[in-house]
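J.: My questions concern the predicted model and sequence given below.
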Amino acid sequence: MKIIDISQKLHHGTPVWPGDTPYSFQLNWTKEQTGSVNVGQLTMSTHTGTHIDAPYHFDHNGKKVADLPLERFIGPALVVNVSGKTSIGAEDVQHLDLTEISKLLLKTSSWENKSEFPSEITFLQEDLAPYLMQQGVDLIGVDVPSVDPIDSKNLPAHHSIENSHIQILEGIVLDEVEEGIYDLIALPLPLTEADGCPVRAILIDRT
Ligand SMILES: Nc1ccccc1C(=O)C[C@H](N)C(=O)O
Ligand SMILES: [Zn+2]
Ligand SMILES: [Zn+2]
(Lines give C-alpha, C1' and ligand atoms only; values in the text may rest on other atoms or scores of the structure.)
(Ligands and ions follow the chains in the order given, each with its own letter.)
Protein backbone atom coordinates (compact mmCIF):
# COMPACT_ATOMS: atom_id res chain seq x y z
CA MET A 1 0.00 0.00 0.00
CA LYS A 2 1.39 3.39 -1.00
CA ILE A 3 0.60 6.25 1.38
CA ILE A 4 1.05 9.87 0.35
CA ASP A 5 1.27 12.26 3.29
CA ILE A 6 -0.49 15.52 2.38
CA SER A 7 -0.04 17.10 5.83
CA GLN A 8 2.14 20.10 6.65
CA LYS A 9 4.90 19.30 9.11
CA LEU A 10 4.36 21.07 12.44
CA HIS A 11 7.37 22.84 13.86
CA HIS A 12 8.26 26.13 15.52
CA GLY A 13 7.78 28.56 12.66
CA THR A 14 4.87 26.77 10.97
CA PRO A 15 2.96 29.80 9.65
CA VAL A 16 -0.37 30.56 11.31
CA TRP A 17 -3.05 33.17 10.66
CA PRO A 18 -1.52 36.63 11.37
CA GLY A 19 -1.67 37.25 15.12
CA ASP A 20 -2.99 33.77 15.90
CA THR A 21 -1.34 31.44 18.46
CA PRO A 22 1.82 29.97 16.99
CA TYR A 23 2.72 26.30 17.17
CA SER A 24 4.95 25.43 20.08
CA PHE A 25 6.20 22.18 21.53
CA GLN A 26 8.16 22.03 24.71
CA LEU A 27 9.19 19.38 27.16
CA ASN A 28 7.21 19.98 30.30
CA TRP A 29 9.18 17.35 32.14
CA THR A 30 12.46 15.79 31.13
CA LYS A 31 13.51 12.22 31.73
CA GLU A 32 15.98 13.55 34.26
CA GLN A 33 13.21 15.37 36.14
CA THR A 34 10.73 12.50 36.21
CA GLY A 35 13.30 9.76 36.52
CA SER A 36 11.48 7.86 33.75
CA VAL A 37 10.14 9.80 30.76
CA ASN A 38 10.12 12.97 28.68
CA VAL A 39 6.65 14.59 28.62
CA GLY A 40 5.79 17.28 26.09
CA GLN A 41 3.29 20.08 25.93
CA LEU A 42 1.71 21.49 22.78
CA THR A 43 0.32 24.97 22.16
CA MET A 44 -1.18 26.01 18.83
CA SER A 45 -4.15 27.60 17.14
CA THR A 46 -6.81 25.06 16.18
CA HIS A 47 -6.24 26.29 12.58
CA THR A 48 -2.57 25.38 12.43
CA GLY A 49 -1.18 23.62 9.37
CA THR A 50 -3.37 20.98 7.75
CA HIS A 51 -6.66 21.15 9.65
CA ILE A 52 -10.42 20.84 9.52
CA ASP A 53 -12.93 23.59 10.34
CA ALA A 54 -15.96 22.77 12.48
CA PRO A 55 -19.03 24.93 11.74
CA TYR A 56 -18.63 26.49 15.22
CA HIS A 57 -15.57 28.32 13.77
CA PHE A 58 -17.89 30.71 11.94
CA ASP A 59 -21.32 29.96 13.44
CA HIS A 60 -22.11 30.18 17.18
CA ASN A 61 -24.74 27.48 16.78
CA GLY A 62 -22.58 25.29 14.57
CA LYS A 63 -21.26 21.83 15.45
CA LYS A 64 -17.96 21.45 17.26
CA VAL A 65 -15.18 19.09 16.23
CA ALA A 66 -16.21 16.06 18.34
CA ASP A 67 -19.79 16.31 17.00
CA LEU A 68 -18.77 15.84 13.38
CA PRO A 69 -19.54 12.44 11.81
CA LEU A 70 -16.33 10.50 11.09
CA GLU A 71 -17.66 9.39 7.68
CA ARG A 72 -16.78 12.88 6.47
CA PHE A 73 -13.09 12.34 6.96
CA ILE A 74 -12.59 9.02 5.18
CA GLY A 75 -13.43 8.10 1.60
CA PRO A 76 -12.78 8.17 -2.12
CA ALA A 77 -11.14 11.44 -3.15
CA LEU A 78 -10.46 13.12 -6.46
CA VAL A 79 -7.41 15.39 -6.71
CA VAL A 80 -7.87 17.99 -9.43
CA ASN A 81 -5.48 20.66 -10.69
CA VAL A 82 -7.23 24.06 -10.76
CA SER A 83 -4.08 26.16 -10.56
CA GLY A 84 -3.81 29.58 -12.18
CA LYS A 85 -7.32 30.73 -11.25
CA THR A 86 -8.29 33.59 -8.93
CA SER A 87 -11.30 31.67 -7.64
CA ILE A 88 -13.05 28.34 -8.18
CA GLY A 89 -16.76 28.06 -8.91
CA ALA A 90 -19.16 25.36 -10.07
CA GLU A 91 -18.26 25.95 -13.72
CA ASP A 92 -14.63 25.07 -13.00
CA VAL A 93 -15.56 21.57 -11.82
CA GLN A 94 -18.54 20.84 -14.06
CA HIS A 95 -16.46 18.65 -16.39
CA LEU A 96 -15.41 16.29 -13.58
CA ASP A 97 -16.88 12.82 -13.21
CA LEU A 98 -17.73 12.68 -9.51
CA THR A 99 -19.57 9.35 -9.46
CA GLU A 100 -17.99 7.22 -6.71
CA ILE A 101 -16.23 10.33 -5.33
CA SER A 102 -17.10 11.88 -1.95
CA LYS A 103 -14.07 14.15 -1.36
CA LEU A 104 -12.84 16.79 -3.80
CA LEU A 105 -9.29 18.04 -3.27
CA LEU A 106 -8.42 21.22 -5.15
CA LYS A 107 -4.82 21.84 -6.11
CA THR A 108 -4.71 25.63 -6.54
CA SER A 109 -0.92 25.96 -6.15
CA SER A 110 -1.61 29.51 -4.94
CA TRP A 111 0.45 29.23 -1.73
CA GLU A 112 3.97 28.95 -3.05
CA ASN A 113 6.21 29.71 -0.09
CA LYS A 114 4.89 27.42 2.65
CA SER A 115 7.25 28.96 5.22
CA GLU A 116 5.23 32.20 5.14
CA PHE A 117 1.51 32.85 5.60
CA PRO A 118 0.10 33.83 2.16
CA SER A 119 -1.34 37.30 1.54
CA GLU A 120 -3.45 36.22 -1.44
CA ILE A 121 -4.90 32.82 -2.29
CA THR A 122 -7.26 31.17 -4.74
CA PHE A 123 -10.65 31.13 -3.00
CA LEU A 124 -13.95 29.29 -3.54
CA GLN A 125 -17.12 30.83 -4.93
CA GLU A 126 -20.51 30.48 -3.27
CA ASP A 127 -21.97 28.35 -6.07
CA LEU A 128 -19.35 25.61 -5.72
CA ALA A 129 -20.63 23.85 -2.58
CA PRO A 130 -24.33 23.58 -3.64
CA TYR A 131 -23.22 22.02 -6.92
CA LEU A 132 -20.86 19.58 -5.17
CA MET A 133 -23.55 18.61 -2.66
CA GLN A 134 -25.79 17.62 -5.59
CA GLN A 135 -22.94 15.47 -6.86
CA GLY A 136 -22.63 13.66 -3.51
CA VAL A 137 -19.42 15.33 -2.32
CA ASP A 138 -19.14 15.67 1.51
CA LEU A 139 -15.64 17.17 1.88
CA ILE A 140 -13.74 19.90 0.05
CA GLY A 141 -9.99 20.13 0.58
CA VAL A 142 -7.78 23.06 -0.40
CA ASP A 143 -3.99 23.61 -0.42
CA VAL A 144 -4.38 27.07 1.16
CA PRO A 145 -5.26 28.23 4.72
CA SER A 146 -8.80 29.30 3.88
CA VAL A 147 -11.64 28.65 1.41
CA ASP A 148 -12.42 32.40 1.43
CA PRO A 149 -10.09 35.30 0.60
CA ILE A 150 -7.66 35.97 3.48
CA ASP A 151 -9.22 39.38 4.22
CA SER A 152 -12.85 38.15 4.08
CA LYS A 153 -14.99 38.84 7.15
CA ASN A 154 -18.36 37.43 6.11
CA LEU A 155 -16.84 34.18 4.80
CA PRO A 156 -19.36 33.37 2.05
CA ALA A 157 -17.59 30.16 0.99
CA HIS A 158 -17.35 28.82 4.55
CA HIS A 159 -21.09 29.43 5.05
CA SER A 160 -22.15 28.00 1.69
CA ILE A 161 -20.07 24.88 2.40
CA GLU A 162 -21.67 24.45 5.84
CA ASN A 163 -25.14 25.00 4.38
CA SER A 164 -24.35 22.25 1.87
CA HIS A 165 -23.38 19.88 4.73
CA ILE A 166 -19.85 19.61 3.36
CA GLN A 167 -16.70 19.36 5.49
CA ILE A 168 -13.86 21.90 5.06
CA LEU A 169 -10.25 20.65 5.01
CA GLU A 170 -7.61 23.40 4.74
CA GLY A 171 -3.86 23.57 4.28
CA ILE A 172 -3.27 20.23 2.55
CA VAL A 173 -0.02 19.80 0.62
CA LEU A 174 -0.62 18.71 -2.96
CA ASP A 175 2.58 19.94 -4.66
CA GLU A 176 3.81 16.40 -5.36
CA VAL A 177 0.40 14.80 -5.91
CA GLU A 178 -0.80 13.79 -9.38
CA GLU A 179 -4.41 14.32 -10.43
CA GLY A 180 -6.51 11.19 -9.90
CA ILE A 181 -8.55 9.09 -7.52
CA TYR A 182 -7.24 8.12 -4.08
CA ASP A 183 -8.66 7.23 -0.69
CA LEU A 184 -8.45 10.07 1.83
CA ILE A 185 -8.10 9.75 5.60
CA ALA A 186 -7.95 13.02 7.59
CA LEU A 187 -9.24 12.43 11.12
CA PRO A 188 -9.43 15.16 13.77
CA LEU A 189 -9.04 14.50 17.49
CA PRO A 190 -12.38 14.28 19.35
CA LEU A 191 -12.10 17.81 20.78
CA THR A 192 -15.45 18.55 22.42
CA GLU A 193 -15.30 22.35 22.54
CA ALA A 194 -13.21 23.09 19.50
CA ASP A 195 -13.83 25.12 16.35
CA GLY A 196 -11.17 23.30 14.38
CA CYS A 197 -8.42 20.71 14.68
CA PRO A 198 -5.15 19.86 12.97
CA VAL A 199 -5.32 16.50 11.16
CA ARG A 200 -2.90 14.01 9.69
CA ALA A 201 -4.19 13.91 6.13
CA ILE A 202 -3.12 11.02 3.93
CA LEU A 203 -3.99 9.70 0.49
CA ILE A 204 -3.84 6.00 -0.24
CA ASP A 205 -2.66 5.41 -3.81
CA ARG A 206 -4.88 2.76 -5.37
CA THR A 207 -2.46 1.88 -8.18
N1 LIG B 1 -7.32 31.55 12.66
C2 LIG B 1 -7.90 32.75 12.37
C3 LIG B 1 -7.64 33.85 13.15
C4 LIG B 1 -8.22 35.05 12.88
C5 LIG B 1 -9.08 35.16 11.83
C6 LIG B 1 -9.36 34.09 11.02
C7 LIG B 1 -8.78 32.88 11.30
C8 LIG B 1 -9.07 31.70 10.48
O9 LIG B 1 -8.61 30.63 10.78
C10 LIG B 1 -9.94 31.83 9.29
C11 LIG B 1 -9.79 30.80 8.23
N12 LIG B 1 -10.92 30.91 7.39
C13 LIG B 1 -9.68 29.40 8.66
O14 LIG B 1 -10.71 28.77 8.90
O15 LIG B 1 -8.60 28.83 8.71
ZN1 LIG C 1 -9.45 26.80 9.40
ZN1 LIG D 1 -11.58 28.00 7.27
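T.: Yep, it's here. Ligands and ions are numbered 1, 2, ... in the order given.
J.: just checking, Leu139 touches Leu169?
T.: Yes. Between Leu139 and Leu169 there is a contact under Cβ atoms under 8 Å: 5.9 Å. Yep, even glycine has a C-beta here, placed from its N, CA and C like the rest.
J.: any common contacting residues for those two?
T.: In the contact map built from Cβ atoms under 8 Å, 6 or more residues apart in numbering, the residues linked to both Leu139 and Leu169 are Lys103, Ala186.
J.: ok, Ala201 - contacts?
T.: By Cβ under 8 Å, 6+ apart, the contact set of Ala201 is Asp5, Ile6, Ser7, Thr50, Gly141, Leu169, Ile172, Leu184, Ile185, Ala186.
J.: same deal with Leu191?
T.: Leu191 sits in contact with Thr46, Lys64, Val65, Ala66, Cys197, where contact means Cβ under 8 Å, 6+ apart.
J.: thought the last one was touching Thr48?
T.: No. Here Cys197 lies out of contact with Thr48, judged by Cβ under 8 Å, at a distance of 9.4 Å.
J.: what's the burial count for Asp151?
T.: Look at Asp151: counted by other Cβ atoms under 10 Å, it has 8 neighbours.
J.: confidence score at it?
T.: According to the per-residue confidence, Asp151 scores 97 in pLDDT.
J.: Settle this for me: Lys2 is touching Ile202, isn't it.
T.: No. Counting by Cβ under 8 Å, Lys2 stays clear of Ile202, with 10.3 Å between them.
J.: Could you give the residue of this structure that lies closest to ligand 2?
T.: In the chain, the residue that lies nearest ligand 2 is His47 (3.8 Å; Cβ to the ion).
J.: who's in contact with the residue of the chain found nearest ligand 3?
T.: Of all residues in the chain, Asp53 sits closest to ligand 3, at 4.2 Å by Cβ to the ion. For Asp53, the contact set (Cβ under 8 Å, 6+ apart) comprises His47, His158, Ile168, Glu170, Asp195, Gly196.
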